[in-house]
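1. Using only what follows, build the 3D model:
(2 chains)
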Amino acid sequence: MKRKNLAVLLLLGCVFVPKLEAQIKHIEMRVEGMT
Amino acid sequence: MKQHLQRQSGVQNVDVSLIDGKVEVTPKEDGQINTAQLLKATYDSGVSVSELDMTARGKIVKESSGNIEFQTAPNQSFALTPNELSKGLEPLAGTPTEVTVRGQLYKKSSGKKKADTSAPLKLFILEVEKKE
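-> Presented below is the predicted three-dimensional model:
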């Protein structure tokens, strides 16, 4: 029974922990000639 | 220019500071933004880009020629301009370790009036923020 509860907890953890994905987070540009 | 950039795919928000001449682009959640297209779109809107920096999370991969690249998506990777920081990332090539880096993708060469936006962008790493 304990094993079953542990398995359920692990499964829920996998579902709810936010997945860290590769991605571009922020872009900054310096520009000239802007009015 | 702001509206023009906001129409680009993958762009969530654009902040323009007229005083600093600074444009900040926040990508959408999926981070699928085409930086070369963004650079071209900025030029097309009538302003000249002097620098483009980005912060991104990705993996270090080795391409067929043996050079290392920074991969932010399966279909998006950037060749790295060799420096001390890029050398430090070489051992991570091919490993599942993800790194968050801040780097310069574009800098206008002095004396050049019109930039070549068709050339592939190379990433010059300025800072390695995190390794996971």
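
2. all contacts plus neighbour counts: C-alpha atoms, from now on.
-> Noted.

3. list the helices and strands the longest strand seen in chain B packs on?
-> Counting residues, the longest strand found in chain B (DSSP state E) is strand B:48-62. Applying 3 or more C-alpha pairs under 8 Å, 6 or more residues apart in numbering or on different chains; DSSP states H and E, one finds that strand B:48-62 contacts strand A:23-32, helix B:35-44, strand B:68-73, strand B:98-107.

4. Can you tell me which of those is nearest to residue B:126?
-> Nearest to residue B:126 among those is strand B:98-107; the distance by C-alpha to C-alpha comes to 4.8 Å.

5. Sheet partners, orientation included, of the closest one?
-> Strand B:98-107 has the following strand partners under DSSP bridges: strand B:48-62 (antiparallel), strand B:122-131 (antiparallel).

6. Least confident of the ones you listed, on average?
-> Among those, strand B:122-131 has the lowest mean pLDDT, at a mean of 89.

7. Need the CA coordinates for that one. CSV is fine.
-> Taking C-alpha atoms only, strand B:122-131 is exported to CSV below (Å, rounded to 0.1, in the frame of the first residue of the first chain):
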residue,chain,number,x,y,z
LYS,B,122,26.8,34.0,-34.3
LEU,B,123,26.4,34.1,-30.5
PHE,B,124,29.2,35.8,-28.5
ILE,B,125,28.7,34.6,-24.9
LEU,B,126,28.9,37.4,-22.4
GLU,B,127,27.8,35.6,-19.3
VAL,B,128,26.9,32.0,-18.3
GLU,B,129,24.1,32.5,-15.8
LYS,B,130,23.2,28.9,-14.9
LYS,B,131,24.1,25.3,-15.6
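
8. Show me which parts of the helix or strand encompassing residue B:12 are buried, residue by residue.
-> Using DSSP states H and E, residue B:12 sits in strand B:11-17. For strand B:11-17, burial by neighbour count (16 or more other C-alpha atoms under 10 Å in any protein chain shown) applies to B:11, B:12, B:14, B:16.

9. residues contacting the third one?
-> The one in question is residue B:14. When contacts are counted by C-alpha atoms under 8 Å, 6 or more residues apart in numbering or on different chains, residue B:14 touches B:2, B:5, B:6, B:23, B:24, B:25, B:26.
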